[in-house]
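S.K.: Based on what follows, work out the 3D shape:
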Amino acid sequence: MTRGIFIRASLAMAGLSLAGCVTTSTPQQAADLFDCAALDQAVASAANGFEDIKGRYSDTRLTRSWDTDVQAFHNACVITSAQRPDHYVCFGRMQVEDPRGSLAAGSAALGQCLGNDWTATPGDDRVLFSRAGTDAVVTLETFVNDRGHRMGALSVFQQDADAMPLADEEMGAQ
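M.R.: Residues are numbered from 1 along each chain as shown. You can find the predicted model right below:
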């Protein structure tokens, strides 16, 4: 609950809008956070269930995952499937000067990377990017990990419905 309020306040302070996303970020900022070519490849691959970028397969009791050579964020990306259909996800540290504005800064860089034809929709603790003519959506979420570091999760989903937040009961909350 506190995280959602904190994120909303950060977004409000940053004045996040699609126009702000595209104009406030420099190409260097986008290049510092994301590999735009790899992100474009992951988005294009969503149409075929990421089959063309799936590598070695791993299966556990909780999830199925595939390694991938397509690394859009911190070289920590996989294709995974657990409570959602197959999706591309990356985790990494958000090293921005203002930790309270990390979602806004990351969203601005992501908007620069994706381009003007993508629309940003801010949520409680994430931003969802969509584009007319494609079913794929891109999300960016930030959170503080157990070591106190500001982290980011960049995801590419095959469809908008796949990107919807999971209800507490679906996540196994008691």
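S.K.: May I see the buried residues of stretch 113-127?
M.R.: 113-114, 118, 120, 122, 125-127 (16 or more other C-beta atoms under 10 Å). Just so you know, the C-beta spots here come from the backbone N, C-alpha and C atoms, and that holds for glycine as well.
S.K.: roughly how far is that stretch from the heart of the chain?
M.R.: Here stretch 113-127 is found 9 Å from its chain centre; the criterion is C-alpha atoms, centre = their mean, to the nearest Å.
S.K.: Now do the strands for this structure: every range, in order, please.
M.R.: For the chain, applying DSSP state E gives strands covering 57-59, 64-67, 77-81, 87-93, 118-122, 126-131, 137-144, 150-157.
S.K.: And the last one, what does it pack against?
M.R.: To tie it back to what came earlier, the one meant is strand 150-157. For strand 150-157, the helices and strands in contact under the criterion 3 or more C-beta pairs under 8 Å, 6 or more residues apart in numbering; DSSP states H and E are helix 36-45, strand 87-93, helix 102-114, strand 137-144.
S.K.: same thing but at 7 Å, please
M.R.: Here strand 150-157 touches strand 87-93, strand 137-144, going by 3 or more C-beta pairs under 7 Å, 6 or more residues apart in numbering; DSSP states H and E.
S.K.: what lines up beside it in the sheet?
M.R.: Its sheet considered, strand 150-157 pairs with strand 87-93 (antiparallel), strand 137-144 (antiparallel) by DSSP bridges.
S.K.: Please apply the same query to the fifth one.
M.R.: Neighbouring strands of strand 118-122 in its sheet, by DSSP bridges, are strand 126-131 (antiparallel).
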